Structures are given as C-alpha cells and as structure tokens.
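**Student:** Could you work out the structure for the sequence below:
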Amino acid sequence: MGNYIDYSPYLGYKDVKYILINTLDLILNKMIVRIFKAIIPTELHIEFEIKFKEISVPVVKNYKGLISLEIGRPTKWNPQEFIMISQWETEKDLIEFAGQNWNQAHIPKGMEKFISECSVSHYESIVLNTA
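**Tutor:** Numbers count the residues shown, from 1 in each chain. Sure, this is the predicted structure:
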C-alpha cells in the first residue's frame, strides 16, 4: 500500500488523544481570542472602570457565540491600559458582534469619550492538552 508507515506502536494514549484533539480543533473549531486594549487617562480610571463593567461587558455578553469574557485594569507595568479578552466560538459569531470590520475596535456608545487610544488583536485558539 504505497509508502504508508504505521506509527501506532510508537504512540501512547496521550499522544493519540493530543493529536485527535488538535486535529478536531483545526477542522471543526477555529475559536477566536479577541484582545481589546484601551489607554485611559489616569484621572478617568474610576469612572471608566464603572462604565466598562456597566456598559461594555453587558454589550459583549449579549452575543451568541461568546465563550468567555475577562476584563483587566491597569497595573504598575501598564499604568493606563485596560483590557477586555473575549473568546468566540467562530469568526461568524465575532462578525455578528463587531460587524464586517471585526478586526477593528468596537466601542459602545458613551464609552468613546474615555479612550485616548485603543487597539484590538485576534488569535486562533489552541486547544491545550489537559491530560
């Protein structure tokens, strides 16, 4: 049968499981991780954080396909940067949320006045071997 080599004697259960999980992930699910970063002037941090939780989070949570959502406030390493990390089941779900220009920041009405600069990045999720 051609050049077929059977590697199965060399693979353990965990190896096969890892290969199957990652192959299925590539074929079936191309989950998207979206990272939104916003630079907020220090004097607006408290008000922005309140509105971030009251306005932005509910807007995102209302969309089908959202798997997870986290927000973060500034630290000494990023003293003016807030983030929102969301994971989406498919690119189609992300388009439903952010529109055809989903690779650009989506700012809910009323939030733009706080943001001096922002960016958004997207990544395909990699399934971790949890075995």
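**Student:** Now the residue nearest the centre of the chain: phi and psi?
**Tutor:** For the chain, residue 33 is the residue whose C-alpha lies nearest the centre (CA atoms, centre = their mean; 2.3 Å). Backbone geometry at residue 33, expressed as degrees, to the nearest 10, gives phi -100, psi 130.
**Student:** What residues sit buried inside the one helix or strand residue 50 maps to?
**Tutor:** Assigned by DSSP states H and E, residue 50 belongs to helix 45-51. Across helix 45-51, burial judged by 16 or more other CB atoms under 10 Å covers 45, 48-49, 51. From N, CA and C alone the C-beta is placed, and that goes for glycine too.
**Student:** Break down the protein into its helices, ranges please.
**Tutor:** Applying DSSP state H to the chain gives helices spanning 13-28, 45-51, 57-61, 91-98.
**Student:** Lowest mean pLDDT across the ones you listed, which one is that?
**Tutor:** Per-segment mean pLDDT for the helices of the chain reaches its minimum on helix 13-28, at a mean of 57.
**Student:** ok, what's across the strand from residue 81?
**Tutor:** Listed by DSSP bridges, the beta-bridge partners for residue 81 are residue 39.
**Student:** repeat for the one 5 residues further on
**Tutor:** Beta-bridge partners of residue 86, counted by DSSP bridges, are residue 34, residue 69.
**Student:** Quick check: it touching residue 34?
**Tutor:** Yes. Between residue 86 and residue 34 there is a contact under CB atoms under 8 Å: 4.8 Å.
**Student:** Skipping adjacent residues, who's closest to residue 36 in space?
**Tutor:** Closest residue in space to residue 36, ignoring its immediate chain neighbours: residue 84 at 4.3 Å, by CB to CB, 6 or more residues apart in numbering.
**Student:** Check residue 72 too.
**Tutor:** Nearest non-adjacent residue to residue 72, counting by CB to CB, 6+ apart: residue 83, 4.5 Å away.
**Student:** who touches the one you found in this structure?
**Tutor:** Residue 83 makes contact with 35-38, 71-72, according to CB atoms under 8 Å, 6 or more residues apart in numbering.
**Student:** Reformat the buried residues of helix 45-51 as a markdown table; add distance to residue 113.
**Tutor:** Shown next, in a markdown table, are the buried residues of helix 45-51 (distance: CB to CB, whole Å):
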| residue | distance to residue 113 |
| --- | --- |
| 45 | 14 |
| 48 | 9 |
| 49 | 14 |
| 51 | 9 |
